[in-house]
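# Could you look at this predicted model? Sequence included:
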Amino acid sequence: MSSLLEDKVYIVLSDTTKRGVYPLHSYRYGLYRIPVELTDKKEIQLVTAALGQEFKIDEFADRIYVTYKWKETDVTASKPQDWKEAELEITVEIVTGEVVDIIYQIKPIENFPEAYWVKNYRSKAEQNAKMVIDLIIKNTMIGEKWKQAWIKKLKITEQEAQKKLEGLTPLAKPLAVAKPAATATPAVEAKRKGIDINFRNSRQTVEDHLGHHVWGPVSGSSQLGIHGTAVAVDFDICTADGACVEACPVDVFEWLDTPGHPASEKKADPAREKECIFCMACQAVCPPKAIKITRGVHPFEKVTA
Ligand code: F3S
Ligand code: F3S
Ligand code: ZN
């Protein structure tokens, strides 16, 4: 269960809450308030773009509605042709503003007339809502902003903040690592996890390329290491998806041909790393999680391991 919601969510069955949120009668309702600001239109667009890869998104005024659908099958009939199927859905609402509210309301089962036979509907809907919320926080700049706030306020390191975020959003994992292979080799496993966020300690710079560091190991055309420091792209994980190139508002990335590399034959090189304005969009949209953005580290700062 999402520890985030376990600890902090306010569950109410009726009544009003702040900022015009009126839970409907007999809906089960949960609200989580995250103390980060999300008012910039561009930033809001980036959040919806990141979530649009996994969910149906609707927007209205200061709200983003994130809908997750799932199927239930009733297999109690003896013949498969008599089995019943129903599609259910849960919508999580993000209210943007000086703080971010994340809300879900569980509709009564009567709203899905085909699904009257579904057992434990409410707890399934609630579990799915929490999974969506964990994914929203973990995979968008909301989580990044929250981490930066902790780093400042609690004086903790980036890694500690990352750990804290992961601890609060355990349900983000199953979808984020979508469809794991049955037998993953250690190399595949490493790729699934994405870029090593500790690379500045665990790796060493082996060369400089277009004004940014390259963190080894590198070997021929098959092992290319991590390019960049503040904007770090793990070339061995990058699959040339291109979402980062499209998302970056200040054109930090440039395509670099990498013939012979097993993951892809071109990479998003952080050629203009110094231009980065830390909007976090690239990190949020990269499907294999090949990018790590770190504020406050100058690309050529001397790094002490
Ligand atoms: Fe661009 Fe990513 Fe920086 S999108 S502005 S390189 S955080
Ligand atoms: Fe590569 Fe990810 Fe960008 S796969 S091209 S770093 S979105
Ligand atoms: Zn490079």
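In hand now; what should we look at? Ligands and ions are numbered 1, 2, ... in the order given.

# Near ligand 2, which residues of the chain? Just list them.
233, 238-244, 268, 286, 288, 290-291 (CB under 6 Å from any ligand atom). In short, each C-beta sits where N, CA and C put it, glycine included.

# Just the buried ones from these?
Val233, Cys238, Gly242, Ala243, Cys244, Ala268, Cys286, Pro288, Ala290, Ile291 (16 or more other CB atoms under 10 Å).

# Give me the local confidence score for the first one.
Meaning Val233. Note on Val233: pLDDT of 98.

# Relative to ligand 3, how far out is it?
8 Å (CB to the ion, to the nearest Å).

# roughly how far is the helix ranked longest in the chain from the heart of the chain?
Secondary structure assigned by DSSP state H gives helix 121-139 as the longest helix of the chain. In terms of CA atoms, centre = their mean, to the nearest Å, the centre of helix 121-139 is found 13 Å from the chain centre.

# follow-up on the earlier one: turn the buried ones among the residues of the chain next to ligand 2 into TSV, including secondary structure.
Below are these laid out as TSV (DSSP: H, G, I helix; E, B strand; the rest coil):
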residue	secondary structure
Val233	strand
Cys238	coil
Gly242	coil
Ala243	helix
Cys244	helix
Ala268	strand
Cys286	coil
Pro288	coil
Ala290	coil
Ile291	strand
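
# sorry, back to before: list the buried residues of the longest helix of the chain.
Buried residues in helix 121-139 (16+ other CB under 10 Å): 121, 124-126, 128-139.

# Quick check: residues of the stretch 101-250 of the chain near ligand 1?
Residues of the stretch 101-250 of the chain lying near ligand 1 (CB under 6 Å from any ligand atom): Val231, Ala247, Cys248, Pro249, Val250.

# isn't Ala49 right next to Val285, touching?
Yes - contact criterion CB atoms under 8 Å: Ala49 and Val285 qualify, at 6.4 Å.

# who touches both of the two?
Ala247 (CB atoms under 8 Å, 6 or more residues apart in numbering).

# Looking at those two, which is more packed in?
Using other CB atoms under 10 Å as the criterion, Ala49 and Val285 rank with Val285 on top: 23 against 17.

# And the closest residue to that one other than its chain neighbours, what's its pLDDT?
Nearest non-adjacent residue to Val285, counting by CB to CB, 6 or more residues apart in numbering: Ala243, 4.0 Å away. Ala243 is assigned a pLDDT of 91 by the prediction.

# Ok, Arg33 next?
At Arg33, the model reports a pLDDT of 84.

# For the closest residue in space to it that isn't next to it in sequence, grab the count of nearby residues.
Nearest in space to Arg33, with sequence neighbours left out and distances taken as CB to CB, 6+ apart, is Asp101 at 5.3 Å. Using other CB under 10 Å, Asp101 is surrounded by 19 other residues.

# Am I right that Asp101 is in a strand?
Yes - the assignment for Asp101 by three-state DSSP puts it in a strand.

# Contact partners for the residue nearest the centre of the chain?
For the chain, the residue nearest the mean C-alpha position is Asn139 (1.0 Å; CA atoms, centre = their mean). Applying CB under 8 Å, 6+ apart to Asn139 gives the contacts Ala50, Leu51, Glu54, Ala172, Ala176, Ala284.

# Out of the residues you listed, which is nearest to ligand 3?
Proximity of the contacts of Asn139 to ligand 3 was ranked by CB to the ion; the top entry is Ala284 with 21.1 Å.

# Just checking: what are the partner strands of the helix or strand hosting Val214?
Using DSSP states H and E, Val214 sits in strand 212-215. Note on strand 212-215: by DSSP bridges, its sheet partners are strand 205-209 (antiparallel), strand 226-227 (antiparallel).

# any idea how far the first one is from the chain center?
Same thing as strand 205-209. Offset of strand 205-209 from its chain centre (CA atoms, centre = their mean): 30 Å.

# Next one: that strand, is it in contact with ligand 3?
Yes - Strand 205-209 is in contact with ligand 3 by CB under 5 Å from the ion, via His209.

# closest to ligand 3 among the buried ones among the residues of the chain next to ligand 2?
Nearest to ligand 3 among these, with distances taken as CB to the ion, is Val233, at 7.7 Å.

# My understanding was that the closest one contacts Ser264; is that so?
No - using CB under 8 Å as the test, Val233 is too far from Ser264 to be in contact (11.7 Å).
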